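In: For reference, the sequence and a predicted model appear below.
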Amino acid sequence: MKKLILGTAALALSAGMALAQDVVRLATEGAYPPYNFINDAGDVDGFERDLGDELCKRAELNCTWVTNDWDSIIPNLVSGNYDAILAGMSISPERQEVVAFTQPYTPPSLSAYAALSDDVDLENSVISAQTGTIQANHVVDTGATLLEYPTSDECVDAVRNGEAEAVLADKDVLVPIVNEGDLVFVGEDTALSNGIGMAFRKSDPELKDKFDAAVQSMKDDGTLNELIIKWMGEDSPRW
């Protein structure tokens, strides 16, 4: 019985750990522009940097930023290496089994294919997609050959280098790349996402609720739409 009581106390302590500490640690990938990237000064930048800073201000929390590779970003959250994720992470049933999400801070956005020419046969091609994403899962479902890479930049480079015939990613990410002129959109845009949200350990409901309220306040006063337009453009879905 003593062991059971101690275990319960430890669990309760863990649940309040993020709120009790002086600094809330926000994790992002730092390699998924315009959502998040590392600028020339070596700092986290992008839509989610602006968003996270504003959310922390509204929640009256002192926050700091860390970067983590995409493929281990959820395991390191669960392990306690940081307290929340803002990393262009789509809310999905599989992820909800492991972490708790706020309400989405972006509406469901489209995924798109980009290639070097518009005559690519997507059903019978090699398609690159970032490891552990809804896009990678979708490529498998279509029957095309999936070529996975750790970052979105590597997925695009695979097309440019001839290793893949097309890349599938969030359209917001591909728009500035296509605008550079060497890639074109091909095929039909696909709705795969239920929106993007912040992810938390399930043992930190109070911290999640604070950010959830802050997201709602930004929706209510229009500042979230302003950030979406600033970073993703007028054509990006908004509230």
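Out: Perfect, thanks for sending it. Numbers count the residues shown, from 1 in each chain.

In: List the contacts of the longest helix along the chain.
Out: Taking DSSP state H as the criterion, the chain has its longest helix at helix 205-221. Residues from elsewhere that reach helix 205-221, judged by Cβ atoms under 8 Å, 6 or more residues apart in numbering: 15-16, 18-19, 24, 51, 54-56, 58-59, 61, 83-84, 100-103, 105, 198, 200, 224-225, 227, 239. Bear in mind the C-beta positions are built from the backbone N, C-alpha and C, glycine included.

In: Now intersect the residues you listed with the strands, please.
Out: Mapping these onto strands (DSSP state E) picks out 24, 84, 100-101, 200.

In: Would you mind listing the buried residues in the longest helix of the chain?
Out: When burial is assessed from 16 or more other Cβ atoms under 10 Å, helix 205-221 yields the following buried residues: 207-208, 210-212, 214-215, 218-219.

In: Just give me the longest strand of the chain.
Out: Looking across the chain with DSSP E, the single longest strand is strand 184-191.

In: With adjacent residues omitted, what lies nearest to the residue nearest the centre of the chain?
Out: Computing the C-alpha centroid of the chain and ranking residues by Cα atoms, centre = their mean puts residue 88 first, at 1.7 Å. Distances taken as Cβ to Cβ, 6 or more residues apart in numbering place residue 35 nearest to residue 88, at 3.9 Å, with adjacent residues excluded.

In: Contact partners for the one you found?
Out: Here residue 35 is in contact with 46-48, 87-88, 172-173, 196, 231 (Cβ under 8 Å, 6+ apart).

In: In a markdown table: those, plus distance to residue 76, pLDDT and secondary structure.
Out: Formatted as a markdown table, the contacts of residue 35 follow (distance: Cβ to Cβ, whole Å; pLDDT from 0 to 100; DSSP: H, G, I helix; E, B strand; the rest coil):
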| residue | distance to residue 76 | pLDDT | secondary structure |
| --- | --- | --- | --- |
| 46 | 20 | 98 | coil |
| 47 | 22 | 98 | helix |
| 48 | 17 | 98 | helix |
| 87 | 11 | 98 | coil |
| 88 | 16 | 96 | coil |
| 172 | 25 | 93 | helix |
| 173 | 23 | 95 | helix |
| 196 | 19 | 97 | strand |
| 231 | 25 | 97 | helix |
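
In: Closest one to residue 150 out of the residues you listed, please.
Out: Of all the contacts of residue 35, residue 150 sits closest to residue 87, with 13.2 Å by Cβ to Cβ.
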